[in-house]
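*Asks:* here are the coordinates; sequence isn't available:
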């Protein structure tokens, strides 16, 4: 029981009122202290939670920073690895390129030396053939028999037909092939000169520029030499004037056609000589060597054609 109640029961209302006020004051103070304690506790709890949240946030930031740092380290390591690989690859390529350059230089040097050697060989072969041709010409000057003289003249022309090929090879840029149109022109001029027919017989090369390898050009040249010689001997008797056309063209992939046509008297020039004659045998042998076949047409002159494989198209 409070003191204020006791004094009130005793009838001392004034004293009871004073004790009541003191009680209320004490009670309010106690409530205030409890409120302050509660507030303090709440504030402490808030601050603690705030600090814990801050710490958690900082830990998260630190974790993220560590993740970024490790990621950066890993990226730098991978980048460094690839840079090392690129550098090693670059150095390897430099080394390989330097080796290739050295090898190419050596190959070019060897090719140049081989070309010079081949040109020298062709030059010497051409000179040797010219020597043989000159010997035949000198010997012919002492021959009285017309048959023997003709045979020696034909042999001289055959030698010169091969000599022209070697001359073209060492003078040209391509040591493996002959431009046939230019070759036929030189060959026909040489044969016309040997017969003294350059003023009455016109030889035309009706063809485009075409190259043949040496192994094909030599037999083709010898065949053309024989057919031109036969045309001059048999197609234009008694010094009559005329024309001879030479053509060599590709009629289909890998197949060539050689054609020699004249507007002479139309004799069968392949049969004018005996079948056992050297010229006829040579033409037949060379035709077989080329895998070709000769055909002859006599109509307003003579046309001889031969089809054969083009080895350069293989």
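*Replies:* In hand now; what should we look at? In this text, all values refer to a predicted model and were calculated from it rather than measured experimentally.

*Asks:* any idea how far the closest residue to residue 192 other than its chain neighbours is from residue 248?
*Replies:* When the adjacent residues along the chain are set aside, residue 192 lies closest to residue 198, with 4.3 Å between them (C-beta to C-beta, 6 or more residues apart in numbering). In short, each C-beta sits where N, CA and C put it, glycine included. In this view, residue 198 and residue 248 are 22 Å apart by C-beta to C-beta, to the nearest Å.

*Asks:* Between those two, which has more neighbouring residues?
*Replies:* Neighbours were counted for residue 198 and for residue 248 using other C-beta atoms under 10 Å; residue 248 has more, 23 against 14.

*Asks:* Quick one: residues contacting the more buried one.
*Replies:* Neighbouring residues of residue 248 by C-beta atoms under 8 Å, 6 or more residues apart in numbering: 180-181, 184, 207, 210, 220, 256-259.

*Asks:* pretty sure it belongs to a helix, no?
*Replies:* No. Using DSSP: H, G, I helix; E, B strand; the rest coil, the secondary structure at residue 248 is strand, not a helix.

*Asks:* on that earlier part again, does the residue nearest to residue 192 count as helix, strand or coil?
*Replies:* Following three-state DSSP, residue 198 is assigned to coil.

*Asks:* Pretty sure it sits against residue 188.
*Replies:* No. Counting by C-beta atoms under 8 Å, residue 198 sits too far from residue 188 to count as a contact (9.5 Å).

*Asks:* Return the set of buried residues in stretch 129-146.
*Replies:* 129, 132-133, 136, 140 (16 or more other C-beta atoms under 10 Å).

*Asks:* So which of those sit within helices?
*Replies:* Among those, the ones falling in helices (DSSP state H) are 129, 132-133, 136, 140.

*Asks:* Identify, from the residues you listed, the entry nearest to residue 311.
*Replies:* Checking those against residue 311 with C-beta to C-beta, the nearest one is residue 129 at 23.2 Å.

*Asks:* what does the model give residue 305 for pLDDT?
*Replies:* Looking at residue 305, its pLDDT stands at 94.

*Asks:* Pairing partners for whichever helix or strand it is part of, with directions?
*Replies:* Using DSSP states H and E, residue 305 sits in strand 302-309. Strand pairing for strand 302-309, using DSSP bridges, gives strand 255-262 (antiparallel), strand 293-298 (antiparallel).

*Asks:* returning to what we had before: of the ones in helices among the buried residues of stretch 129-146, which is the nearest to residue 278?
*Replies:* Nearest to residue 278 among those, with distances taken as C-beta to C-beta, is residue 136, at 14.3 Å.

*Asks:* Let me see the contact set for the closest one.
*Replies:* Contact analysis of residue 136 by C-beta under 8 Å, 6+ apart lists 152-153, 155-156, 159.

*Asks:* neighbours of residue 283, just the number please.
*Replies:* Residue 283: 24 neighbours (other C-beta under 10 Å).

*Asks:* That one sits in which helix or strand?
*Replies:* Per DSSP H and E: helix 278-289 holds residue 283.
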